[in-house]
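Enquirer: what follows is a predicted structure for the sequence shown.
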Amino acid sequence: MTTAQELIRIDITESGRQMQQYYKSSSLPFAERRKHKPKGCQYRRDRVLHSIMRREMEKALFLLAEPARKGGE
């Protein structure tokens, strides 16, 4: 797995675990639980993940645009 994939998997797992804990501990009806659910925690890892994902997307776009540049020469 690449670093980006690992970070995404960890982020999804952790946020799912937090929401599951919230939904289990809350006594509100489902609609109210959704309406008042807490915001996700912000970690330094999130900033790192965003910068890695931006780099990965730029690399993918570059690779997709490369054949067009070669064909236009």
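Expert: That came through fine. Computed from a prediction, not measured in an experiment: that's the story for all the values here. Numbers count the residues shown, from 1 in each chain.
Enquirer: and the strands in this structure, which stretches?
Expert: Assigned strands in the chain: none (criterion: DSSP state E).
Enquirer: what about it, any weak spots by pLDDT?
Expert: Along the chain, the parts satisfying pLDDT under 70 run over 1-2, 40-41, 71-73.
Enquirer: one more pass at 90, please.
Expert: Residue ranges of the chain with pLDDT under 90: 1-12, 14-57, 59-61, 63-73.
Enquirer: biggest helix in it by residues?
Expert: helix 44-71 (DSSP state H).
Enquirer: so how far is that one from its chain's centroid?
Expert: Relative to the mean C-alpha coordinate of its chain, helix 44-71 is positioned 15 Å out (Cα atoms, centre = their mean, to the nearest Å).
Enquirer: can you spell out which helices and strands pack onto it?
Expert: helix 3-25 (3 or more Cβ pairs under 8 Å, 6 or more residues apart in numbering; DSSP states H and E). In this view, the C-beta of every residue, glycine as well, is placed from N, C-alpha and C.
Enquirer: could you give the angle of the helix it packs on to helix 44-71?
Expert: In terms of direction (axes from the mean of the first three to the mean of the last three Cα atoms, to 10 degrees), helix 3-25 departs from helix 44-71 by 140 degrees.
Enquirer: just use 197 as the starting number from now, easier for me
Expert: With the count now opening at 197, the last piece we talked about shows up as helix 199-221.
Enquirer: and helix 199-221, what's buried?
Expert: residue 203 (16 or more other Cβ atoms under 10 Å).
Enquirer: from residue 249, how far out is residue 201?
Expert: 10 Å (Cβ to Cβ, to the nearest Å).
Enquirer: quick check: phi and psi at residue 222.
Expert: phi -80, psi 140 (degrees, to the nearest 10).
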